[in-house]
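A.B. asks: generate a structure from the sequence data that follows.
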Amino acid sequence: MKRFFDIIFSLGGIVILSPFFILIWFLIKMDSEGSPIFKQTRVGKHNKDFTLFKFRTMYVSGSSGTAITLSNRDPRITRIGFILRKYKLDELPQLFNVFFGDMSFVGPRPELRSFVSKYNEEQLKVLNVKPGITDYASIKYFNESEILGRSQNPEYDYIHQIMPEKLKLNLEYISNNSTYKDLKIILLTIKKIFFH
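C.D. replies: Below is the predicted model:
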């Protein structure tokens, strides 16, 4: 049922938003050099790597730096990238990830291998389900980059404070998920984007 929902709504979203995709594509091209699409290897279901798609929000020279984005004022972020990040529009290409079956609309956000390698045995259970575009952790830490921007040691604080809390929320979701809960998470995410 969940896969059927993912296919229908991801395909519908791709078709309906296609003019918007084209507009964002050209805005990124005009704003800075490089491909408008950013591809990154993330860890998916059953601990298997897959390619995550995003609209590029950083200058090409800055996208290869630290995996932690400190804030929306990060100098690596382009002008159009700031707007895309603010409204989470950079995540839209993940509709293709959902359609291809690598992701679902709702599920634990996929992490980089370098972070997954630090999971303990219990935390690795989040890899028993498909990663998602959004989850409770994404809602709670909607301003994660701003929080880390105030940190003295962003990577340490992410690994030892934020990441464990996100994994805890994800494990709670996995142990008691439902279609109703997924719809609730999607609606809460939309609300957060427009009214945060």
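A.B. asks: could you point out the longest helix of the protein?
C.D. replies: Longest helix in the chain, counting residues (DSSP state H): helix 2-31.
A.B. asks: partners of the helix or strand following it, with directions?
C.D. replies: Taking DSSP states H and E as the definition, the helix or strand that follows helix 2-31 towards the C-terminus is strand 37-43. Sheet pairing here is set by DSSP bridges, and for strand 37-43 it gives strand 49-55 (antiparallel).
A.B. asks: which residues are contacting the partner strand?
C.D. replies: Counting by C-beta atoms under 8 Å, 6 or more residues apart in numbering, strand 49-55 makes contact with 24-25, 28, 36-44, 84, 89-94, 96-97, 102-103, 110, 113, all of which sit outside it. To be clear about C-beta, it is placed using only N, CA and C from the backbone, and glycine gets the same treatment.
A.B. asks: report the buried residues of the least confident helix or strand in the chain by mean pLDDT.
C.D. replies: Ranked by mean pLDDT, DSSP states H and E, the helix or strand of the chain with the weakest confidence is helix 144-149, at a mean of 84. The neighbour-count criterion (16 or more other C-beta atoms under 10 Å) identifies 144-145, 147-149 as the buried residues of helix 144-149.
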